[in-house]
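J.: pasting the structure only:
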């Protein structure tokens, strides 16, 4: 997710890689500005999860946001995000094997670039493709 308070949109990007590390699919999107950077991270995870359900129910999701990982591990400690986290919990049930891991920003450059690319569009954007 990518968020700045002075623009009208939050942005996110994701990539789907196979077990050999080859990129299979990517997505980028901007959407109505969320309340904070962390809200944008939650929205990015939700959108990626929804998209991946169409491809496989065994997924490992990664993020460079340690706060987001903490939220997913202990959603009860983040009551101000209760609605958003309830949606994530509902999606988690759909995955036979769900993992959520930290990916250092240096290894998350493509997803980050996709999110930042959406910044140049000053209207709603949604792209999923190769």
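T.: Received, thanks. Treat the numbers as computed from the prediction; the structure is a model and nothing was measured.
J.: Please go through this protein and pick out the longest helix.
T.: helix 37-52 (DSSP state H).
J.: So which bits of the helix or strand just after that helix are buried?
T.: The element immediately downstream of helix 37-52 (helix or strand, assigned by DSSP states H and E) is strand 58-63. For strand 58-63, a neighbour-count test (16 or more other CB atoms under 10 Å) marks 59, 61-63 as buried. C-beta coordinates here come from the backbone N, C-alpha and C atoms, glycine included.
J.: do the same with stretch 73-92
T.: Buried residues in stretch 73-92 (16+ other CB under 10 Å): 75, 78, 81, 84-85, 88, 91.
J.: Same question for stretch 92-108.
T.: 95, 98, 100, 108.
J.: Wait, the second one touches residue 59, no?
T.: Going back to what we said before, that points to residue 98. Yes - assessed by CB atoms under 8 Å, residue 98 is found in contact with residue 59 at 6.4 Å.
J.: Over to the residue nearest to residue 104 when sequence neighbours are not counted: give its phi and psi.
T.: Nearest residue to residue 104, sequence neighbours excluded (CB to CB, 6 or more residues apart in numbering): residue 64, at 6.4 Å. Main-chain dihedrals, residue 64, degrees, to the nearest 10: phi -90, psi 0.
J.: where's residue 111, which helix or strand?
T.: With DSSP H and E as the criterion, the answer for residue 111 is helix 109-118.
J.: Hey, what's the angle from that helix to helix 37-52? Just curious.
T.: 110 degrees (axes from the mean of the first three to the mean of the last three CA atoms, to 10 degrees).
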